[in-house]
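K.L.:
Quick one, fold the following:
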Amino acid sequence: MSRTTATVVRLKLSLLRGGLRQSSGRRSAFVASAVVALLFGLLQLLGLLALRGHANAETVAVPGTALLALGWAVMPLFFPSGDETLDPTRLVMLPLRPRPLVRALLAASLVGIGPLFTLLVLAGCALSVAHGGAAYAVAVVAVALALLVCVALARAVAAANVRLLTSRRGRDLAVLSGLVIAVGAQLVNFGAQRIGSAGLGPLRPVADVLSWVPPAAAVGAVRAASQGSYGAAAARLLVTAAALALLVALWERSLTRLMTSPDGSTLQTADTRTRDRSAGGLARLLPGGRTGTVMERALRYVWRDPKTKAAWVTSLAIGLIVPVFNAVQGTGSIYFACFAAGMLGIQMYNQFGQDTSAFWMVALTISSPRDAYDELRGRALALLTITLPYAALVTVVTTALLGDWPRLPEVLGLSLALLGAMLATGAWTSARFPYSIPQEGHKNVAPGQAGLAWISIFGGMVAAALLCSPVITAAIWLNVSAGGDAWTWLLLPAGAAYGAALTWAGLRLAAPRTAARLPEILAAVSKG
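P.N.:
Coordinates of the predicted model:
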């Protein structure tokens, strides 16, 4: 091991030790994640070893290796802060050449929980299809090559996008990780159900194709050696080695460009100046006065603030995933479409928490209950700008998938009533139970305010459900009474009117309390 490689590996170990010394909570989280990853990796290894001799072992091992490599490729995009060594620009001031630096960073990348978990899974994939001494020998080389390809792929992707990942847009991209995980989990669940009913046979053509795609080709080489096709095994290993060489070359090229080119992220480009001149486009579409100003500020929070954007992306994703995927799987109900309105209505809760300590500027503009009403009304209208069309879209899509068009007006009316109830309770709880949202870290509640958050959200949801009980009762009565199906369409205008009335009443009740509690609200939202 060269001196540069040994130094960078020691640096990686020092970073791990330094991170664990910061707090006992971080040490506990690291130990817990290490134990869970190790146990899960061992379970994966044992499960793959149990497939030895099974006719469809290759259809699990080869696609599994490809999915593992895909995970390594996308992880740097969505979790750029998970590894401090992913940003090579921190070493730009050191007299290092790209090639020795590539070797050093590649060796350092093999230190950690992720590489250990990957090694266990790759070993299981290779051993599940290995039969005979030659296949075991090929398996040793295949596992090493596949592991290096996974690590080099992650490093190449991170180096090629390091300017993006360290910018605000990169942090915005990380927000989408929740959406990707939610959608991916549903897709995996849906695929597992399909495989459970149809068996592993349909995956064989996919495995045959992936057996020539690195790094899955390395596992395909083990399978070929087990069958005595030593030429095909050697070819697959060569393809994997060539892919590793190509990734290292691309990585080295990216490092050279990063180490020698200036960082123009702080320079104002012509496109930026053009965007600045056109910044008033949104304001022209909004109403005038205080209402339009408050709406514009709230919508800009949704677009620019990472925590607000994360909450919105999660609500939009889950509000669509739950009804649509249940409908696709044949286990859903058209009433699941109301889930979208419920998830988006949650965004009305704790409206002042997203302002944090800057709420003092908002407080200076409120001198009467009328000012507070205008402030809350603008925030509610900004939320409705996104929520109304989205809830309607989810309802229509769910209805189309289930083919239950006669119930569309009824469900849409229930969604609008639920949305109005949540806007009303959200406005009141924002004034009564405000809490701070820390701007740094992953916590969405400041220490000591978790109880306020639980009361605000879950208490408000229960109250919203109770407020919607008249519309729900009417829907049940029309569906069980004789001839009531012919009148369920009345629930659309009734639900819309009832939701609008609840929203108006909630804003009216919350405005005086907001105006009277400005100092308390400011103190509560400034703790983060």
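
K.L.:
in this protein, which spans are strands?
P.N.:
For the chain, no strands are identified by DSSP state E.

K.L.:
okay, now the domains of it?
P.N.:
With domains defined by automatic domain parsing, the chain comprises 3-182+199-260, 289-525.

K.L.:
so what's residue 437 closest to, chain neighbours aside?
P.N.:
residue 353 (4.6 Å; C-beta to C-beta, 6 or more residues apart in numbering). The C-beta positions use only the backbone N, C-alpha and C, and glycine is treated the same way.

K.L.:
whoops, residue 392 was the one
P.N.:
Of all residues not flanking residue 392 in the chain, residue 412 sits nearest, at 6.5 Å (C-beta to C-beta, 6+ apart).

K.L.:
contacting residues for the one you found?
P.N.:
337, 391, 392, 395, 492, 495 (C-beta atoms under 8 Å, 6 or more residues apart in numbering).

K.L.:
Buried subset of these, written for PyMOL?
P.N.:
Buried residues among the contacts of residue 412 (16 or more other C-beta atoms under 10 Å), as a PyMOL selection:
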select buried, resi 337+391+392+395+492+495
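
K.L.:
Flag the least confident of the contacts of residue 412.
P.N.:
When those are sorted by pLDDT, the bottom entry is residue 337 at 88.

K.L.:
what's the distance between that one and residue 467?
P.N.:
Residue 337 sits 19 Å away from residue 467, going by C-beta to C-beta, to the nearest Å.

K.L.:
my guess is residue 452 meets residue 525, correct?
P.N.:
No - using C-beta atoms under 8 Å as the test, residue 452 is too far from residue 525 to be in contact (10.6 Å).

K.L.:
Quick check: neighbours shared by those two?
P.N.:
When C-beta under 8 Å, 6+ apart defines a contact, the residues bordering residue 452 and residue 525 alike are 434, 435.

K.L.:
who's more crowded, the two?
P.N.:
More crowded of residue 452 and residue 525, by other C-beta atoms under 10 Å: residue 525, with 27 against 20.

K.L.:
Touching, the more buried one and residue 352? I think so.
P.N.:
Yes - with contacts counted by C-beta under 8 Å, residue 525 reaches residue 352, the gap being 5.2 Å.

K.L.:
so what sits against both of those two?
P.N.:
Taking C-beta under 8 Å, 6+ apart as the contact rule, residue 525 and residue 352 both touch 359, 434.

K.L.:
about what we covered before: which pLDDT value belongs to the residue nearest to residue 392?
P.N.:
With respect to pLDDT, residue 412 has a value of 93.

K.L.:
quick one: it from residue 390, how far?
P.N.:
Distance, residue 412 to residue 390, by C-beta to C-beta: 12 Å.

K.L.:
What of residue 210?
P.N.:
Counting by C-beta to C-beta - residue 210 and residue 390 are separated by 37 Å.

K.L.:
Who has more neighbours out of these two?
P.N.:
Between residue 210 and residue 390, counted using other C-beta under 10 Å, residue 210 has the larger neighbour count: 24 against 18.

K.L.:
so how far is residue 502 from the more buried one?
P.N.:
Between residue 210 and residue 502 the computed distance is 54 Å (C-beta to C-beta).

K.L.:
cool, and residue 517?
P.N.:
Distance of residue 517 to residue 502, computed by C-beta to C-beta: 22 Å.

K.L.:
which of the two has more neighbours?
P.N.:
Legend: neighbour count by other C-beta under 10 Å for residue 517 and residue 502, higher for residue 502 (23 against 16).

K.L.:
check contacts around the residue nearest to residue 119 when sequence neighbours are not counted.
P.N.:
Nearest in space to residue 119, with sequence neighbours left out and distances taken as C-beta to C-beta, 6+ apart, is residue 147 at 5.8 Å. Going by C-beta under 8 Å, 6+ apart, residue 147 touches 110, 115, 118, 119, 122.

K.L.:
Next: residue 524.
P.N.:
By C-beta under 8 Å, 6+ apart, residue 524 lies in contact with 434, 435, 436, 449, 452.

K.L.:
And it, how close does it get to residue 219?
P.N.:
For residue 524, the distance to residue 219 - C-beta to C-beta - is 55 Å.

K.L.:
just residue 110 next, same as before
P.N.:
Distance from residue 110 to residue 219, by C-beta to C-beta: 19 Å.

K.L.:
Compare those two (neighbour count), which wins?
P.N.:
Legend: neighbour count by other C-beta under 10 Å for residue 110 and residue 219, higher for residue 219 (33 against 16).

K.L.:
from memory that one sits against residue 65, does it?
P.N.:
Yes - contact criterion C-beta under 8 Å: residue 219 and residue 65 qualify, at 4.9 Å.

K.L.:
Now the common contact residues for the two.
P.N.:
Residues touching both residue 219 and residue 65 (C-beta under 8 Å, 6+ apart): 122, 125, 146.

K.L.:
Surely the second one and residue 61 touch.
P.N.:
Spelled out, it's residue 125. Yes - the pair residue 125 / residue 61 is scored as a contact, 3.9 Å apart, by C-beta under 8 Å.

K.L.:
Can you add pLDDT and give the contacts of residue 524 back as CSV?
P.N.:
As requested, the contacts of residue 524 are exported to CSV (pLDDT from 0 to 100):
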residue, pLDDT
434, 88
435, 86
436, 86
449, 76
452, 74
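
K.L.:
ok, residue 149 - how many residues close by?
P.N.:
By other C-beta under 10 Å, 25 other residues sit near residue 149.

K.L.:
Now do the same for it: its pLDDT.
P.N.:
Residue 149 is given a pLDDT of 94.

K.L.:
ok, now residue 189?
P.N.:
Confidence at residue 189, expressed as pLDDT, is 61.

K.L.:
Repeat that for residue 155.
P.N.:
Residue-level confidence at residue 155 comes out at 86, pLDDT.

K.L.:
In contact with the closest residue to it other than its chain neighbours, which residues are there?
P.N.:
Counting by C-beta to C-beta, 6+ apart, the nearest residue to residue 155 once its immediate chain neighbours are dropped is residue 251, at 5.4 Å. By C-beta under 8 Å, 6+ apart, the contact set of residue 251 is 102, 152, 155, 156, 159.

K.L.:
6 Å - rerun?
P.N.:
Going by C-beta atoms under 6 Å, 6 or more residues apart in numbering, residue 251 touches 102, 155, 156, 159.

K.L.:
If you rank these by neighbours, which is first?
P.N.:
Neighbours here mean other C-beta under 10 Å. Within these, the largest count is held by residue 155, at 27 neighbours.

K.L.:
roughly how far apart are it and residue 69?
P.N.:
13 Å.

K.L.:
sorry, back to before: between the domains of the chain, which gets the lowest average pLDDT?
P.N.:
Note on the domains of the chain: domain 3-182+199-260 shows the lowest mean pLDDT, a mean of 82.

K.L.:
mind checking the end-to-end distance for it?
P.N.:
Chord length of domain 3-182+199-260, first to last residue, is 23 Å (C-alpha to C-alpha, to the nearest Å).
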